[in-house]
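J.: Curious how this folds, go ahead:
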Amino acid sequence: MSKEMAVGQDQIAAIVKAWANAKELVVFTGAGMSTESGLPDFRSAQGLWKVRPESLATMAALQQQPDEFYFFYQWRIAKLWDAAPNQGHQALAALQQKGNMVIITQNVDGLHQRAGAENVVELHGSLRTVQCLHCYAEYDSRKLLPQYSGWEEDYQQGHYRYGDECLCAKCAGLLRPDVVLFGENLPDKAWEAAVKHSKNADFYVVLGSSLVVSPANYLPQLALQKGAKLLIINQEPTPLDSSAAWVINSSIGSVLSAIKAKIVS
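T.: Next up is the predicted model:
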């Protein structure tokens, strides 16, 4: 069977065996992990970045185009809190309870934790919280949402202006999402943990990542260099497909549910 063909029972059986026997299991997740929850995948053909250019996710945009910056993140935050963990998140959380698993994620939606997962390394921060640029006070990100209906229509009609919801309640400083913006480094603690776990892994699972975003795409390569088996589940090809023991271009939720059914009683 070709690695790109639909997953079969023999393939699932081999993956289950490797999964169950792994001593150090690392799962690396990207935006495709959350598309089944209705959140957009920024880098697919239908990704949000095709509509909202990457230049908005910068400190320069916050300072020079604050209305555009805040609407962009308000829209994303509203979508995030409306979303629920999908069957892939739930299956992964259940599998984590059965063995030694670390989840490293490029995602900022917190859906792994909301599904019950623990030991999650968030490489790009979290969109569940926002922080004051002046006094560093932290708030639930829903603080950033406008307190009136029709703000999306205002934006579409060119009337939108950011309001007091974007200001710190303590010092009136501007708030920013607790995510890594373009041009910023990944958090040192998260990156160091991700490198350590990737080097120690004997089984490495990539879920829903294009593996084109640097430096995060270096992590599965570290695992391969140490001899780890690699499983990739992604709808589109990745640069590491030829190095993987298994490549499955299918629904993450359905495949993880099939694996869970064999491992979790």
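J.: so where is the stretch 51-200 of the chain shaky, pLDDT-wise?
T.: 51-53 (pLDDT under 70).
J.: is it true that S126 touches Q106?
T.: No. If you go by C-beta atoms under 8 Å, S126 and Q106 don't touch, sitting 11.9 Å apart. (Glycine included, C-beta is placed from N, CA and C.)
J.: Tell me which of these two has more neighbours.
T.: Q106 (23 against 19; other C-beta atoms under 10 Å).
J.: Pull the distance from the stretch of helix or strand F28 belongs to to the chain's centre.
T.: Assessed by DSSP states H and E, F28 sits inside strand 25-29. Using C-alpha atoms, centre = their mean, to the nearest Å, the mean C-alpha position of strand 25-29 is found 12 Å from that of the whole chain.
J.: List the strands paired with it, with their directions.
T.: strand 101-105 (parallel), strand 203-207 (parallel) (DSSP bridges).
J.: which is the next helix or strand following the first one?
T.: This points to strand 101-105. helix 111-114.
J.: So Q147 sits against Q74, correct?
T.: No. Counting by C-beta under 8 Å, Q147 sits too far from Q74 to count as a contact (11.2 Å).
J.: Between these two, tell me which one has more neighbours.
T.: Legend: neighbour count by other C-beta under 10 Å for Q147 and Q74, higher for Q74 (23 against 9).
J.: give me every residue that touches that one.
T.: Q74 sits next to L144, L145, P146, W151 when contact means C-beta atoms under 8 Å, 6 or more residues apart in numbering.
J.: ditto for A83
T.: When contacts are taken as C-beta under 8 Å, 6+ apart, A83 is in contact with S34, S37, G38, L39, D109, L111.
J.: Likewise for V205?
T.: So V205 contacts W19, L25, V26, V27, F28, L230, L231, I232, I233 (C-beta under 8 Å, 6+ apart).
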